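[1] can't give you the sequence, but here's the structure:
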């Protein structure tokens, strides 16, 4: 029975260490720990990434151990100590990221408006250009028609014109008619 409890304790310790490691990876920061939480007299201790506990003894020598390898009471103590700080850091990170997302949404919305305005302006310019082209073509056609009317009549039109006489001479209409 003691062996079974010891196994459960070890298993739960590993699960807690994994959960702590996951939470800490979200904030990616070093969390200070009270040295007493480790159960031995250390000068300072920290929970660093990957769920590793780094400690400095009174001589300044550094050591490290994975959280899951510590005794169950040390794991519980470290988790109790680090949880409020992790919650605060996670909450802060969530708030910062939420603000970034909102800012990006606003910028995206403004860019969509600008893009729509740009497209509308482009369409309007294209329509104006097409209208100008049509108007230019209509004016060109009118000019061609007017030029055709002003240009000398074709040979067949000249042949059908029954004018006898010269320009500049004034003749009496009665004298010309028989």
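    Received, thanks. These numbers were taken from a predicted model, which means no experiment stands behind them.
[2] who are the packing partners of the helix or strand hosting residue 81?
    Assessed by DSSP states H and E, residue 81 sits inside helix 72-150. Contacts defined by 3 or more CB pairs under 8 Å, 6 or more residues apart in numbering; DSSP states H and E place helix 72-150 against helix 2-27, strand 31-33. To be clear about C-beta, it is placed using only N, CA and C from the backbone, and glycine gets the same treatment.
[3] buried sites along the last one?
    Along strand 31-33, the positions that meet the burial threshold by neighbour count (16 or more other CB atoms under 10 Å) are 31, 33.
[4] how about residue 47, phi and psi?
    The phi/psi pair for residue 47 (degrees, to the nearest 10) reads phi -100, psi 120.
[5] neighbouring contacts of stretch 39-49?
    20, 24-25, 28, 30-35, 37-38, 53-58, 60, 64, 67, 71, 73-74, 77-78, 82 (CB atoms under 8 Å, 6 or more residues apart in numbering).
[6] ok, residue 38 - how many residues close by?
    By other CB atoms under 10 Å, 19 other residues sit near residue 38.
[7] which residues does it contact?
    45, 53, 55, 70, 74, 77-78 are the contacts of residue 38 under CB under 8 Å, 6+ apart.
[8] any low-confidence regions in this protein?
    Applying pLDDT under 70 to the chain flags the ranges 129-178.
[9] center of it - which residue?
    residue 108 (6.0 Å; CA atoms, centre = their mean).
[10] residue contacts, it?
    Residue 108 neighbours (CB under 8 Å, 6+ apart): none.
[11] 55 is where my numbering starts, stick with that
    From this message on, residue numbering opens at 55, which makes the last subject residue 162.
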